[in-house]
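J.: here is a sequence with its predicted model. Questions after.
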Amino acid sequence: MRVRFAPSPTGALHIGGARTALYNWLLARGSGGELVLRIEDTDRERSTPENVEQILDALRWLELDWDGEPVLQSERADRHAEAVAQLLDAGRAYRSAAGPDDVRAWHDRHGNRGFRGEEEGTGAVRLRVPDAGETVVRDVIRGTSAFANELQDDLVIARADGSPVYHMAVVVDDLDAGITHVVRGADHYSNTPKQQLILDALGEHPPVYAHLPLLHGPDGRKLSKRHGAASVQALRDEGHLPEAVRNYLALLGWGEAGGDDTFYTTQELQERFALERVSRSPAVFDEQKLRWMNGRYLRELDVATLQSRLEGLLGRPLRPDVVAISQDKISTLSEFWPLSHFFFDGPADDPAAREKVLGTDGAGPALEAARAALDGLEDWSIDGVEAALRGVVEHEGVKAKAVFQPVRVALAGAPVSPGIFETVAVLGRAETLRRLDDALAAV
RNA sequence: GCCCCCAUGGUGUAGCGGUUAGCACGUCAGCCUUUCACGCUGAUAGGAGGGGUUCGAGUCCCCUUGGGGGUACCA
């Protein structure tokens, strides 16, 4: 099995594209086949080196590798031209100056019958589509359906300047690369008969096709940039884990036979993924579920791994103890800093929180008592701190919250932080007392 | 307009002629509890509509409706 992923370099890698890449990768890696990467850049405007690099970057982040060097479609123009010439020589294509207006005029006269032009020896190259018969598309996911040839326009396969059009280019590239299975988005489905027509004119046979259902946004419309995190780049920036994204994406449009499972290791995915079981209907990308799943993966990580991933995202060194006590509280990497930055750069500046929590009558005494208890504490551990602070609560005869919240705000500057005992223990005696004193001075 | 495809709760899916329609996210309630989370327990809600076929239909067929894709000298 030889499959291919052929993104067009429009910038970021779209979620739908990422899923297509994943499925192709699963197919190749799960079967011992090969995955080749081709950049569909016949549209020169979009194919800047930066755009291409972004796509490759996104794939690397997802840990989806490919075999060999990525092929740039634009570099195969000679081969495309050769194939066009072959069709011209064989009389399976012709040059015609007819443009869009002429095609429209034809349809005004002939209804939905496909446009048929005349050999004019100049203009764009059009494929001669037979009037009889039908082109049958066999799709592993969607089954079989027939498209009447009579209804198909003689399509342009090369522009007047000789440059090949997309359909011509893909067909030739897939042929030359020996692609056996074409797995791509369903937006290519209706174009498949055209490509089969070209293949047929070339005297070749079509590969196995599989068209994946499109992804929609929460509003039911095709997923796009305005739906927020619609790209792999955005997911990475939000602090998702590639393994979680892969797991989530795999399940967006595919389900195991009789399976109630939700979590799959990449290994399991490779073993069990089957094209035949991919859904036919479009799916809605659900950020909430991805987030939930990401949290589950995050909590499974050992502290050292989590720390290095966080450092990678934040670009600064962290501390394992801080990472450890924050792990249960976050579901994406980017939630770490807002929660625990105060360990590194001092209490947050949140006047509203200070006012609300430290402005109450009991706050002063509570902080005093907590300070005294911690000052003399011998066992400076999470358990030791807990014993000391609970002692304060008991001694003061107040609710636990009446002591813990002021301490939290004094240390973190915010009403939210990791567990208070953990926070105190990790912050250390000197820093804790200093922050308590600062808060006391302001009360 | 024409061609093609799709249709199980709010979301992703399981089921493949006989089930109390399963699982997961979400939502709601409760528990846990020092905040926020996590976790646990329970609840909520579903086969678009209409015709067939059949003893029996999410499950097979047709129509309607709704949604999507294609229809470029775009990719």
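T.: Arrived safely.
J.: in the stretch 201-350 of chain A, which ranges drop under the pLDDT threshold?
T.: A:225-226, A:228-229 (pLDDT under 70).
J.: which residues of it lie near RNA strand B?
T.: Residues of the stretch 201-350 of chain A found near RNA strand B, taking CB under 7 Å from any atom of the strand as the criterion, are A:213-214, A:216, A:220-222, A:251-262, A:277, A:279-284, A:286, A:288-289, A:292, A:295-296, A:299, A:328-331. C-beta here means a position set from N, CA and C on the backbone, and glycine is covered the same way.
J.: inside helices: which ones of those?
T.: Assigned to helices by DSSP state H, the following of these qualify: A:251, A:288-289, A:292, A:295-296, A:299.
J.: which of those are buried? Put it as a PyMOL command.
T.: Selection of buried members from these for PyMOL, criterion 16 or more other CB atoms under 10 Å:
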select buried, chain A and resi 251+295
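J.: tell me the two of the ones in helices among the residues of the stretch 201-350 of chain A next to RNA strand B that are most distant?
T.: A:Leu251 and A:Arg299 (19.1 Å; CB to CB).
J.: does RNA strand B have contacts with the helix ranked longest in chain A?
T.: Secondary structure assigned by DSSP H gives helix A:15-31 as the longest helix of chain A. No: on the criterion CB under 7 Å from any atom of the strand, helix A:15-31 is out of touch with RNA strand B, staying 9.9 Å away.
J.: quick check: angle from the helix or strand just after that helix to helix A:15-31?
T.: Taking DSSP states H and E as the definition, the helix or strand that follows helix A:15-31 towards the C-terminus is strand A:34-39. Strand A:34-39 and helix A:15-31 meet at an angle of 150 degrees, taking axes from the mean of the first three to the mean of the last three CA atoms, to 10 degrees as the criterion.
J.: any buried residues in whichever helix or strand comes after strand A:34-39, and which?
T.: Under the assignment DSSP H and E, the closest C-terminal helix or strand after strand A:34-39 is helix A:49-61. Taking 16+ other CB under 10 Å as the basis for neighbour counts, the residues of helix A:49-61 that come out buried are A:51-52, A:54-56, A:58-59, A:61.
J.: ok, now stretch A:297-310?
T.: By neighbour count on 16+ other CB under 10 Å, the buried set for stretch A:297-310 is A:297-298, A:301, A:306-307, A:309-310.
J.: swap in stretch A:188-199?
T.: Buried residues in stretch A:188-199, counted by 16+ other CB under 10 Å: A:188-189, A:192-199.
J.: gap between it and the chain center?
T.: Distance of stretch A:188-199 from its chain centroid, counting by CA atoms, centre = their mean, to the nearest Å, is 28 Å.
J.: tell me the one of the buried residues of helix A:49-61 nearest A:Asp89?
T.: Taking CB to CB as the measure, A:Asp89 sits nearest to A:Val52 out of these, at 34.1 Å.
J.: if I look at the closest one, what pLDDT would I see?
T.: The model reports A:Val52 with a pLDDT of 90.
J.: neighbours of A:Glu276, just the number please.
T.: A count of neighbours around A:Glu276, defined by other CB atoms under 10 Å, yields 9.
J.: what helix or strand does the nearest residue to A:Glu119 once chain neighbours are set aside sit in?
T.: Once flanking residues are discounted, A:Glu119 sits nearest to A:Tyr94: 4.2 Å by CB to CB, 6 or more residues apart in numbering. When secondary structure is defined using DSSP H and E, the element that contains A:Tyr94 is strand A:93-96.
J.: neighbours of the residue lying closest to A:Arg128 once chain neighbours are set aside, just the number please.
T.: If the residues on either side of it in the chain are set aside, A:Arg128 comes closest to A:Arg92, at 5.5 Å by CB to CB, 6+ apart. Around A:Arg92 there are 19 other residues, counting by other CB under 10 Å.
J.: check A:Asp349 too.
T.: Residues within reach of A:Asp349, counting by other CB under 10 Å, total 9.
J.: secondary structure class for it?
T.: In the three-state summary, A:Asp349 is assigned as coil, counting by DSSP: H, G, I helix; E, B strand; the rest coil.
J.: please apply the same query to A:His240.
T.: Going by three-state DSSP, the state assigned to A:His240 is coil.
J.: that one contacts A:Asn294, correct?
T.: Yes: counting by CB atoms under 8 Å, A:His240 sits close enough to A:Asn294 to count as a contact (5.0 Å).
J.: can you list residues touching both of those two?
T.: Overlap of the contact sets of A:His240 and A:Asn294 (by CB atoms under 8 Å, 6 or more residues apart in numbering) consists of A:Thr332.
J.: mind listing what's buried in stretch A:276-293?
T.: For stretch A:276-293, the buried set under the neighbour-count rule, 16+ other CB under 10 Å, comprises A:278, A:282-283, A:285, A:287, A:290-291, A:293.
J.: show me the contact partners of it.
T.: Outside stretch A:276-293, the residues within contact range by CB under 8 Å, 6+ apart are A:15, A:23, A:140-142, A:186, A:210, A:212-218, A:220, A:223, A:227-230, A:235, A:240, A:244-245, A:247-248, A:252-257, A:262-263, A:331-332.
J.: just the buried residues out of the residues you listed, in PyMOL syntax.
T.: The buried subset of the contacts of stretch A:276-293, as determined by 16+ other CB under 10 Å, is captured in PyMOL by this line:
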select buried, chain A and resi 15+23+140+141+142+186+210+212+213+214+215+216+217+223+227+229+230+235+240+244+245+247+248+252+253+254+256+331+332
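J.: the contacts of stretch A:276-293 in strands, which ones?
T.: A:210, A:212, A:215-216 (DSSP state E).
J.: I'd like these as CSV, with distance to A:Glu386 appended.
T.: Conversion of the ones in strands among the contacts of stretch A:276-293 to CSV gives the following (distance: CB to CB, whole Å):
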residue, distance to A:Glu386
A:Ala210, 57
A:Leu212, 53
A:Leu215, 48
A:His216, 49
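J.: and of the residues you listed, the nearest to RNA strand B?
T.: Among the ones in strands among the contacts of stretch A:276-293, A:His216 lies closest to RNA strand B (CB to the nearest atom of the strand), at 6.6 Å.
J.: what sits against the closest one?
T.: A:222-223, A:282-285.
J.: identify the farthest-apart pair in those residues.
T.: Farthest pair in the contacts of A:His216 (CB to CB) is A:Lys222 and A:Ala283. Separation: 11.7 Å.
J.: any shared contact partners between the two?
T.: Counting by CB under 8 Å, 6+ apart, the residues touching both A:Lys222 and A:Ala283 are A:215-216.
J.: and A:Val385, that one's in a helix?
T.: Yes: A:Val385: assigned to a helix according to three-state DSSP.
J.: dump the residue contacts of it.
T.: With CB under 8 Å, 6+ apart as the criterion, the residues that contact A:Val385 are A:374, A:377, A:421, A:424-425.
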